[in-house]
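Visitor: Build me a model:
(one chain, ligands or ions: 1)
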Amino acid sequence: MVKLENVTKRFREHLAVDSFDLEVPEGALFGFIGPNGSGKTTTLRMILRIIEQDSGSISVMGEPHHSSANDAIGYLPEERGLYRKMTVLRQLMYFGNLKGLTNRAAKAAALEWLERLNLLEWKDKKLETLSKGMSQKIQFIATVLGKPRLLILDEPFSGLDPVNLEVLRDALLEMRKSGTTVIFSTHDMHIAEQLCDHICMIYKGQKVLDGSLESIQSKYGQDTLRLHFRSGTGLEEGQIPGASGVRYTGRFWEMRYAGDPHDALQAAMQVGRVDHFEVVHPSLHDIFVRIAQPADLPEEATIKQEVSDA
Ligand SMILES: Nc1ncnc2c1ncn2[C@@H]1O[C@H](COP(=O)(O)OP(=O)(O)OP(=O)(O)O)[C@@H](O)[C@H]1O
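Guide: Take a look at the predicted model:
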C-alpha cells in the first residue's frame, strides 16, 4: 500500500528523516511510534506529498506520483482543521462532497458515523460549541466519510478520554476489517501494543524498529520480571540483586533482569509476601524507553542490528 525507499528530508541543516525505508502492507493496522520531534509527522506528510522528500522514492498504492487529494486517501492532520462557525452536519456533508459523495450519500454516512460516535444530538450545533475531544471525533468522521482505502491519522488518540479512546479504537478495528489500510502515529505505546499488527519506531529520523509486536518483543527475549506483593509492599532498586530499572506500572513492579529467576524470587520473598511473579518480554513502552535513552543500551550498533534483523 505504501513503500518508502531511502527517503531523506532536511529542514535547513536539520536532518528530520534519514535514509528511511518502510513498507506498509495492504490491510495493515500500522502504528508509527516515536518520541517528540523524531520525524513521524514529516514522514506522514511526505507519504501524502504535502511536502516533498529531498531524496529517495515514495509510492502509494503502487503509484509514485499520487496526490494527497486522492479520494482513496483519508488524512487526519495533527493540526486539526474544521470550520468553527459551521454546524456539524453541514461541514461533514461538505467534506463528504469534497471526497466525491453526493449530498444524499454524504448526509447518510455523516449521520451514521455521528450516531456511532455518540454525537448525533450535536449535528445541528456549531462546531465551536463542542469540546476538544468531540471536535476531534468530528474531524475523524470527516476523514473517513469517503470510505478511503488508505487512512493516515496523525496522533488520532491524543486528548481523548478513555471512553472515546475505546470508541475510536473500535472504529479503526472495524475499518481494518472492511479492508482499509490504517497508518497512525502515536506516543501511546499501550495503544500501539493493543491495536497494531505492525509497528514502526522512528528515533531521530531513523527507523529503529519495524515488524510485528511479537517479532519485536522476541528480539529482546524474556528479560523482564513482573511481580506484585500482597498488601502493596514497595520495592527499591538493589533489593533484587541484578535487577535494574525497577518501576511500578500501576499494577506490578517491573524490572530488567538477566539472572536466574529463581534467585530473583528468593530475593523478592525477603522483601515481602509475593502474590504474583512472572518472567515476560519487555513491553513496547520499555523497548521505547531503552531505545530513546541509548545510554541504557550496550552500544548504538545494537539498535542498527535489530533493524536489519527485523
Ligand atoms: N516545516 C518545518 N520546518 C523546519 N523544521 C521542521 C519542520 N517540520 C518539522 N521540522 C523539524 O523536523 C523534526 C521532526 O519533526 P516532526 O514534526 O516530523 O516530528 P514528530 O515525530 O511528528 O514529533 P511530535 O510527536 O512532537 O509531533 C523536528 O526537529 C522538527 O522541529
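Visitor: Quick one: mean pLDDT over the helix or strand hosting S185.
Guide: In this assignment (DSSP states H and E), S185 forms part of strand 181-186. The average pLDDT within strand 181-186 is 94.
Visitor: Please apply the same query to stretch 89-103.
Guide: Rounded mean pLDDT across stretch 89-103 is 93.
Visitor: which neighbours does the strand holding S185 have in its sheet, and in what orientation?
Guide: Strand 181-186 has its sheet partners listed here by DSSP bridges as strand 29-33 (parallel), strand 150-154 (parallel).
Visitor: And the next helix or strand past it?
Guide: Next element after strand 181-186 (DSSP H and E): helix 189-195.
Visitor: Which SSE is immediately downstream of that following helix?
Guide: Helix 189-195 is succeeded, C-terminally, by strand 198-203 (DSSP H and E).
Visitor: And the contacts of that next one?
Guide: For strand 198-203, contacts defined as Cβ atoms under 8 Å, 6 or more residues apart in numbering pick out 17, 20, 22, 24-25, 28-35, 38-40, 43, 192, 207-213, 216, 284, 287-288, 291-292, 303. For the C-beta atoms, the positions are set from N, CA and C on the backbone; glycine is no exception.
Visitor: near the ligand too, which of those?
Guide: G34, S38, G39, K40 (Cβ under 6 Å from any ligand atom).
Visitor: returning to what we had before: any chance of the strands paired with strand 181-186 in CSV, plus distance to E236 and mean pLDDT?
Guide: Converted to CSV, the strands paired with strand 181-186 look like this (distance: least, Cβ to Cβ, whole Å; pLDDT from 0 to 100):
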stretch, distance to E236, mean pLDDT
strand 29-33, 30, 93
strand 150-154, 40, 95
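Visitor: from those strands, which stretch is densest packed?
Guide: Among the strands paired with strand 181-186, strand 29-33 has the highest mean neighbour count (mean count of other Cβ atoms under 10 Å), at a mean of 25.
Visitor: so where do the helices sit in this protein?
Guide: 40-47, 88-98, 103-116, 132-144, 162-177, 189-195, 213-220, 261-271, 284-292, 300-309 (DSSP state H).
Visitor: And those helices: which comes nearest E79?
Guide: helix 40-47 (9.2 Å; Cβ to Cβ).
Visitor: for that closest one, packing partners?
Guide: Under the contact definition 3 or more Cβ pairs under 8 Å, 6 or more residues apart in numbering; DSSP states H and E, helix 40-47 sits against strand 2-11, strand 14-24, strand 29-33, strand 55-60, strand 150-154, strand 181-186.
Visitor: Give the full set of residues in contact with the most centrally placed residue in the chain.
Guide: What sits nearest the mean C-alpha location of the chain, by Cα atoms, centre = their mean, is T186, with 3.4 Å. T186 is in contact with G31, F32, I33, E155, P156, F157, S158, A192, counting by Cβ under 8 Å, 6+ apart.
Visitor: No further questions, thank you.
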